[in-house]
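# Pasting the sequence and the predicted model now:
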Amino acid sequence: MTLERDDVAKIAHLARLAVSEAELDALRGELSGILDLVEQMEALDTAGIAPMAHPLEMHQRLRPDVVTEENRREQYQAVAPLVERGLYLVPRVIE
């Protein structure tokens, strides 16, 4: 799939990226290459392939789920301007 300069400018605008006129041609080539690769991957028959989370058959090493820090909520909330029943009180933003 080949993108036009206007397409790249529109994509940059939607992504809120500042792209100069000189960069449009380079980006057009790069984005077109990415879209060509996606088209090639979509053309492959993947019906008999099982989805994988990782290319290697490995088990995830997990750490023990234990508390490693003490509760310091009272210390943290002592410097807050307004606290009620363990919650920070802030001004209403939405009316």
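In hand now; what should we look at? The structure presented is a predicted model; accordingly, all values stated were derived computationally and were not measured.

# where do the helices sit along the protein?
Remark: helices assigned in the chain by DSSP state H are 5-14, 21-43, 73-78.

# tell me what the longest one is packed against?
The elements that helix 21-43 packs onto, with contact taken as 3 or more C-beta pairs under 8 Å, 6 or more residues apart in numbering; DSSP states H and E, are helix 5-14. Every residue, glycine included, has its C-beta placed from N, CA and C.

# from the middle of its chain, how far away would the helix it packs on be?
21 Å (C-alpha atoms, centre = their mean, to the nearest Å).

# which parts of it are buried?
Within helix 5-14, the residues that count as buried by 16 or more other C-beta atoms under 10 Å are Val8, Ala12.

# pLDDT (mean, whole number) over that helix?
The average pLDDT within helix 5-14 is 93.

# now do stretch 64-82
Stretch 64-82 comes out at a mean pLDDT of 93.

# got the CA positions of it in CSV?
C-alpha atoms of stretch 64-82 as CSV (Å, rounded to 0.1, in the frame of the first residue of the first chain):
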residue,chain,number,x,y,z
PRO,A,64,6.4,-14.9,46.7
ASP,A,65,3.4,-12.6,47.3
VAL,A,66,4.4,-11.1,50.7
VAL,A,67,4.2,-7.7,52.2
THR,A,68,7.6,-6.1,52.2
GLU,A,69,6.8,-2.5,53.4
GLU,A,70,5.0,-1.3,56.4
ASN,A,71,1.8,0.8,56.2
ARG,A,72,2.7,4.5,56.3
ARG,A,73,-0.7,5.9,55.4
GLU,A,74,-0.9,8.0,58.5
GLN,A,75,2.5,9.6,57.8
TYR,A,76,1.7,10.3,54.2
GLN,A,77,-1.7,11.8,55.0
ALA,A,78,-0.4,13.9,57.9
VAL,A,79,0.9,16.5,55.4
ALA,A,80,-2.3,16.5,53.3
PRO,A,81,-4.5,19.6,53.5
LEU,A,82,-7.8,17.6,53.9
